[in-house]
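Student: fold the following.
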Amino acid sequence: MNTKEEIKQVFEDYHQTQFGGWPWSRYDQVHDRGKGSFAKHADGTEEVKPKE
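Tutor: Numbers count the residues shown, from 1 in each chain. As a prediction, this is how the structure comes out:
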């Protein structure tokens, strides 16, 4: 995207498809507070911080 026309086209594409859409039912997707601190890594492993 280098020209104004290309940027305009990207905005139009986004407004039509939202780049594939949002896969969740809510736009304010959050994690359960009871879960505590955690990290989900790219390889699928999850690291959970013990509750103090």
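
Student: so which strand or helix has the residue most central in space within the chain?
Tutor: For the chain, the residue nearest the mean C-alpha position is residue 22 (7.9 Å; C-alpha atoms, centre = their mean). Residue 22 is part of no helix or strand when elements are defined by DSSP states H and E.

Student: for residue 39, see how far away it is.
Tutor: 22 Å (C-beta to C-beta, to the nearest Å). In this view, the C-beta of every residue, glycine as well, is placed from N, C-alpha and C.

Student: one more: residue 23?
Tutor: 21 Å.

Student: who has more neighbours, those two?
Tutor: Using other C-beta atoms under 10 Å as the criterion, residue 23 and residue 39 rank with residue 39 on top: 9 against 6.

Student: name the nearest residue to that one, sequence neighbours excluded.
Tutor: Leaving aside its chain neighbours, residue 39 sits nearest to residue 47 (4.6 Å; criterion: C-beta to C-beta, 6 or more residues apart in numbering).

Student: just list what the strand or helix carrying the one you found packs against, helices and strands only.
Tutor: For residue 47, the enclosing helix or strand under DSSP H and E is strand 46-48. Helices and strands touching strand 46-48, by 3 or more C-beta pairs under 8 Å, 6 or more residues apart in numbering; DSSP states H and E, are strand 38-40.
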